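In: Got a predicted structure here, sequence first:
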Amino acid sequence: MGGALVALLVAGVLLALPRLQPSTGTLVVVGAARAQESIAATAVSVHGSAGWTAIGSVSGSVPAAPEQRELLALPVAVGSYNGVRFGADEQPVAITVVAGQVEPLLLGIESGHLISGAVYAGNDQVNLGLGELSGKFVPMPPFALFDQSGNAFTNQAIAGKDVVIAAFHTTCHQTCPLYTALFAQLEKQKLPPNVVLAEVTTDPATDLPSVLAGYAKSIGAQWTFATGTVDGLTAFWKPFGVALATGDSHVSTLALLDRHGYIRLVYRGVPNVGHDIAPALVTSLGADGLRELASGGDGWGAPQVLQSLITISGPDVVAASGGGAAPAFSLIDTDGRRVSLAGLLGKPLVINFWATYCAPCRAEMPMLQSRVGAQSSVRLVLISEGDSADAARTFLTSLGVHQAALLDSDLSVGRAYGAIALPTTVFVRADGSIAARQIGQLDERVLLAELSNLGGQ
């Protein structure tokens, strides 16, 4: 009876909350350089359907990547933008501003000018850009923390493991419970081997091991909660730009470390956990946290994090030569229809796994459409990994692709087909056997050769 009442209370709260639909989102403009430098006052504009719109002026020091400096953070009208202007320099870039969400924009700067091709929008692209500008991924500095059981949580303890880390503290009632809900969702998934989930506090004075153990027990969490000394936690969070904090004042951050100890991705903002959140976490949310829960945060969540994990830490080797039967699937497409492998067979298939944030996917998609989609003897099957129907449709339309895509919301089909990185293309014979698998962006010559082998050329 008590559990039912709590569930009803949670449902009532969610339904009662206004679905805020502001006309603006937040554009956070950050700068990074190949070597530290200083820039004079420079105007920044973005280009959209109404032409160029000035968004502010920036100046001062710009750190060497992978460090970054926030140059601007301001409300911007929702919509799609396709360019940025920095002084007299212009660069094309696809920026999507969503109501109530945060969109990061990275400007690569050298000698006071934009570096050609070095403008990135979106969490994943910004992190890619920082890696590219720095010329390498950044190793996690030495750290010495301990978990809720008093066990060491150090570089040595996580060596050989891929780690998802979130900033949190137990007295936060705004976004921290949403990060905990995200971890609960990840824990339910079939994670790649040797993945560690760890929430690391920013409040060492309050979050002693006993407090963290009690918190974990209260929500049924089986993952790691870590704490340490003030100096230890300050050093741990420094590479991520996260300061120690208490209450509801903090920087919402999630990071992925690979098994070799390198920082590979950093997500900012509030995750979208939908309604898959424990009642105990809902009741711990304050008013701001409840609004974030109802509005979907900043739009990224467990599917995106899981896909990043699979890319970073999936099986080391997948046979490119194919072999075996194509795993069965049944998925909903972007037009709302259910499509199964059994219904597609009878013709050879070219199954392409992709995602909207994947730059190589965007580069190869027009070639796939022209070389495969136009043929009658071969079927092109597009499977979107973790994207919503609206996001997938928008992505394809922007590339002139007018074909429905299948939605692999929980990434299970991608895992079954060995899509350890995106894009992945699997060539399937008419009888359902796998002829070949290509991980990474397709070269046109490789595509034509595989089509010829399938009898489609």
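Out: Everything's here; your move. Just so it is clear, the model here is predicted, and its values are computed rather than measured.

In: how long is stretch 405-417 from one end to the other?
Out: Across stretch 405-417, the terminal residues are separated by 17 Å (C-alpha to C-alpha, to the nearest Å).

In: So which residues make contact with it?
Out: Contacts to stretch 405-417, defined as C-beta atoms under 8 Å, 6 or more residues apart in numbering, come from residues 189-190, 303, 306-307, 310, 326-327, 329, 331-334, 339, 351, 353, 381-389, 392-393, 396, 424, 426, 437. C-beta coordinates here come from the backbone N, C-alpha and C atoms, glycine included.

In: Drop anything exposed from those.
Out: Those of these that meet the buried threshold are 189, 303, 306-307, 310, 326, 329, 331, 333-334, 339, 351, 353, 381-389, 392-393, 396, 424, 426, 437, by 16 or more other C-beta atoms under 10 Å.

In: how about the strands of the stretch 1-150 of the chain, start to end?
Out: Using DSSP state E, counting those that start in this stretch, the strands of the stretch 1-150 of the chain run over 24-33, 37-48, 51-62, 69-77, 79-86, 89-97, 102-110, 113-121, 138-139, 144-147.

In: Mind putting the ones you listed into TSV with mean pLDDT?
Out: Output for the strands of the stretch 1-150 of the chain, formatted as TSV (pLDDT from 0 to 100):
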stretch	mean pLDDT
strand 24-33	90
strand 37-48	95
strand 51-62	94
strand 69-77	91
strand 79-86	95
strand 89-97	92
strand 102-110	90
strand 113-121	87
strand 138-139	73
strand 144-147	96
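
In: picking up where we left off before, taking the buried ones among the contacts of stretch 405-417 one by one, which sit in strands?
Out: Judged by DSSP state E, these include L331, V339, I351, F353, V381, L382, I383, S384, E385, T424, V426, R437 as members of strands.

In: roughly how far apart are the closest residue in space to the fourth one that isn't next to it in sequence and I383?
Out: Okay, so that is F353. Of all residues not flanking F353 in the chain, A419 sits nearest, at 4.1 Å (C-beta to C-beta, 6 or more residues apart in numbering). Using C-beta to C-beta, to the nearest Å, A419 is found at 8 Å from I383.

In: repeat for V426
Out: 9 Å.

In: Quick check: neighbours shared by these two?
Out: Counting by C-beta under 8 Å, 6+ apart, the residues touching both V426 and I383 are I351, F353.

In: All the helices of this protein, in order from the start?
Out: Assigned by DSSP state H, the chain shows helices spanning 2-16, 123-134, 155-158, 176-188, 209-219, 230-237, 279-282, 287-295, 302-313, 341-344, 359-368, 389-398, 412-416, 444-454.

In: still on that earlier bit, show me whatever sits in contact with both of A419 and I383.
Out: F353.

In: Count the neighbours of the residue lying closest to N194 once chain neighbours are set aside for me.
Out: Once flanking residues are discounted, N194 sits nearest to K161: 4.6 Å by C-beta to C-beta, 6+ apart. Using other C-beta atoms under 10 Å, K161 has 15 neighbouring residues.

In: just V266 next, same as before
Out: Other residues near V266 come to 22 when the count uses other C-beta under 10 Å.

In: For E103, give me its contacts.
Out: Counting by C-beta under 8 Å, 6+ apart, E103 touches G25, T26, L27, V28, V76, I95, T96, V97, A121, G122.

In: bridging residues for the fourth one?
Out: Yep, that's V28 we're talking about. When assigned by DSSP bridges, V28 has beta-bridge partners A73, P104.

In: Hmm, W354 and the residue nearest to F353 touching each other?
Out: No - between A419 and W354 there is no contact, the gap being 9.2 Å when judged by C-beta atoms under 8 Å.

In: So for those two, which residues contact both of them?
Out: By C-beta under 8 Å, 6+ apart, the residues touching both A419 and W354 are E385.

In: Pick out the shakiest of the helices of the chain, pLDDT-wise.
Out: Per-stretch mean pLDDT for those is lowest at helix 2-16 (a mean of 48).

In: Tell me both backbone torsions, phi and psi, for A243.
Out: Dihedral pair for A243: phi -90, psi 150, per degrees, to the nearest 10.

In: What is the neighbour count of D431?
Out: 10.

In: who touches it in this structure?
Out: D431 touches L345, counting by C-beta under 8 Å, 6+ apart.

In: cool, and A302?
Out: Per C-beta under 8 Å, 6+ apart, neighbours of A302: L182, Q185, L186, Q189, P271, V273.

In: So which of those is the closest to V126?
Out: The closest of the contacts of A302 to V126 turns out to be P271 (C-beta to C-beta; 16.6 Å).

In: ok, the residue nearest to that closest one when sequence neighbours are not counted to T206 distance?
Out: Nearest non-adjacent residue to P271, counting by C-beta to C-beta, 6+ apart: L182, 4.5 Å away. Counting by C-beta to C-beta, the gap from L182 to T206 is 22 Å.

In: who has more neighbours, those two?
Out: For L182 versus T206, neighbours defined as other C-beta under 10 Å are more numerous around L182 (27 against 15).

In: Could you list the domains of this protein?
Out: 24-135, 139-313, 330-454 (automatic domain parsing).

In: Tell me the gap between the longest one and the middle of its chain.
Out: Going back to what we said before, that points to domain 139-313. In terms of C-alpha atoms, centre = their mean, to the nearest Å, the centre of domain 139-313 is set 15 Å apart from its chain centre.

In: Ok, stretch 324-340 next?
Out: 24 Å.

In: Please apply the same query to stretch 432-452.
Out: Between the centre of stretch 432-452 and the centre of its chain there are 27 Å (C-alpha atoms, centre = their mean).

In: Alpha carbons only: can I get it in CSV?
Out: What follows is stretch 432-452 as a C-alpha-only set of coordinates in CSV (Å, rounded to 0.1, in the frame of the first residue of the first chain):
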residue,chain,number,x,y,z
GLY,A,432,20.7,-14.1,-44.1
SER,A,433,24.4,-15.0,-43.8
ILE,A,434,26.9,-12.3,-43.0
ALA,A,435,29.3,-11.7,-45.9
ALA,A,436,31.5,-9.0,-44.4
ARG,A,437,31.7,-6.3,-41.8
GLN,A,438,33.3,-2.9,-42.0
ILE,A,439,34.0,-0.9,-38.8
GLY,A,440,34.6,2.7,-39.4
GLN,A,441,33.9,5.0,-42.4
LEU,A,442,33.5,3.2,-45.7
ASP,A,443,35.9,3.9,-48.6
GLU,A,444,33.9,4.0,-51.9
ARG,A,445,36.2,1.4,-53.4
VAL,A,446,35.5,-1.0,-50.5
LEU,A,447,31.8,-0.4,-50.8
LEU,A,448,31.8,-1.2,-54.5
ALA,A,449,33.8,-4.3,-54.0
GLU,A,450,31.4,-5.6,-51.3
LEU,A,451,28.4,-4.8,-53.5
SER,A,452,29.9,-6.7,-56.3
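
In: Tell me the span between the first and last residue of stretch 224-240.
Out: Taking C-alpha to C-alpha, stretch 224-240 runs 19 Å from one end to the other.

In: Show me the contact partners of it.
Out: 138, 140-141, 143-148, 153, 167, 196-202, 204-205, 207-209, 212-213, 215-216, 243-244, 251, 253, 255, 263, 266.
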